[in-house]
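1. Could you work out the structure for the sequence below:
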Amino acid sequence: MRTKPDFVRYNVDLLADFRERRNMRRTELSELTGIKLGMIEHYEHGYQLPTKANYNKLADVFGWQKWEE
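-> Prediction:
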């Protein structure tokens, strides 16, 4: 099983901070990315890490490094 890159874990750990600094609600982030609201909540609470596809959707919004591997 492949592990997720360290930068993925780091950025997702700070997802709520990134979102709040933009005065963005979770519902807005969900609409922008197409990621279900419940998944965003799971990411922010540390219950789950995103798939590569969902991480890259978040990366597009926040200007994060893309997960290319």
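2. Give me the longest helix you can find in the chain.
-> helix 52-62 (DSSP state H).
3. Could you pull out the buried residues of that one?
-> Asn54, Tyr55, Asn56, Lys57, Leu58, Ala59, Val61 (16 or more other Cβ atoms under 10 Å). All C-beta atoms are positioned from the backbone trio N, CA, C, and that covers glycine.
4. check contacts around Ala59.
-> Asn11, Gln65, Lys66, Trp67 (Cβ atoms under 8 Å, 6 or more residues apart in numbering).
5. Of the residues you listed, which belong to helices?
-> Among the contacts of Ala59, DSSP H puts Asn11 in helices.
6. out of everything not next to it in sequence, what's closest to the residue most central in space within the chain?
-> By Cα atoms, centre = their mean, the mean C-alpha position of the chain lies nearest to Leu58, the distance being 4.6 Å. Closest residue in space to Leu58, ignoring its immediate chain neighbours: Thr33 at 6.3 Å, by Cβ to Cβ, 6 or more residues apart in numbering.
7. Counting neighbours, what do you get for that neighbour?
-> 18 (other Cβ atoms under 10 Å).
8. okay but it is in contact with Val61, surely?
-> Yes. Contact criterion Cβ atoms under 8 Å: Thr33 and Val61 qualify, at 6.2 Å.
9. follow-up on the earlier one: whichever of the contacts of Ala59 end up buried, select them in PyMOL.
-> This is the PyMOL syntax for the buried subset of those, where burial follows 16+ other Cβ under 10 Å:
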select buried, resi 11+67
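10. still on that earlier bit, and the gap between the residue nearest to the centre of the chain and Arg22?
-> Separation of Leu58 from Arg22 (Cβ to Cβ, to the nearest Å): 12 Å.
11. now Glu28
-> 9 Å.
12. Work out for me the element Glu41 sits within.
-> In the assignment (DSSP states H and E), Glu41 maps to helix 37-45.
13. What's the mean pLDDT across that helix?
-> For helix 37-45, mean pLDDT is 98.
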